[in-house]
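Undergrad: Output the structure for:
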Amino acid sequence: MDADKQVCGRLPDSQYVELAVEVFGMLADATRVRIVLALREGELSVNQLAELVEKSPAAVSQHLAKMRLGRLVSTRQDGTRIFYRLANEHARQLVSDAIFQAEHALDQTPRHHHTDAEVSA
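TA: Sure thing, here's the model as predicted:
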């Protein structure tokens with residue numbers, strides 16, 4: 001039957017298009033983008049994230065709950081503390097690409113197109 005048939009997710013009629021739109025919707029919030037950027041290097045607690053993104057722990061916790069439901073982040077518990085990390089590399093890549101696209105909108109030669117020597121000069 002068709003259950004064994006692999007479906008390409010990158011075709012316009014793919015069943016994954018609607019799910020991709022949900023992922024973009026989940027990332028269509030500045031605080032959530034900042035959370036993804038903060039989690040690029042590894043896991044952090046709610047309080048650490050709140051300090052980095054300059055929001056209250058309660059607000060960050062609400063965003064993280066939504067991101068967890070959207071499978072963008074996962075958790076690890078250590079005693080009473082919960083640490084968050086990106087669930088996979090794709091959210092990091094989506095946000096990086098969105099930042100690069102934003103640079104294109106603002107700069108004739110975006111920062112990510114400069115060589116390391118040009119950037120440090």
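Undergrad: use CA for all of it now, contacts and neighbours both
TA: Will do.
Undergrad: As a check, name the ranges of all strands in this structure.
TA: 44-45, 73-78, 81-86 (DSSP state E).
Undergrad: Reformat these as TSV; add mean neighbour count, distance to Ala28 and mean pLDDT.
TA: Formatted as TSV, the strands of the chain follow (neighbours: other C-alpha atoms under 10 Å; distance: least, C-alpha to C-alpha, whole Å; pLDDT from 0 to 100):
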stretch	mean neighbour count	distance to Ala28	mean pLDDT
strand 44-45	18	22	98
strand 73-78	14	15	96
strand 81-86	18	17	96
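Undergrad: Please name whichever of these is nearest to His63.
TA: strand 73-78 (10.5 Å; C-alpha to C-alpha).
Undergrad: Quickly run through the sheet partners of the closest one, with directions.
TA: Strand 73-78 has the following strand partners under DSSP bridges: strand 81-86 (antiparallel).
Undergrad: Specify the angle between whichever helix in the chain runs longest and strand 73-78 in degrees.
TA: Determined from DSSP state H, the single longest helix within the chain is helix 89-106. Here the directions of helix 89-106 and strand 73-78 differ by 130 degrees (axes from the mean of the first three to the mean of the last three C-alpha atoms, to 10 degrees).
Undergrad: buried ones in helix 89-106?
TA: Neighbour-count burial for helix 89-106, with 16 or more other C-alpha atoms under 10 Å as criterion, is recorded at 91-92, 94-96, 103.
Undergrad: elements contacting that helix?
TA: helix 30-38 (3 or more C-alpha pairs under 8 Å, 6 or more residues apart in numbering; DSSP states H and E).
Undergrad: Mind listing what's buried along the helix it packs on?
TA: Neighbour counts over helix 30-38 (16+ other C-alpha under 10 Å) mark 31-38 as buried.
Undergrad: Out of these, which comes closest to Gln48?
TA: Looking across the buried residues of helix 30-38 and measuring by C-alpha to C-alpha, the closest to Gln48 is Ala38, at 9.4 Å.
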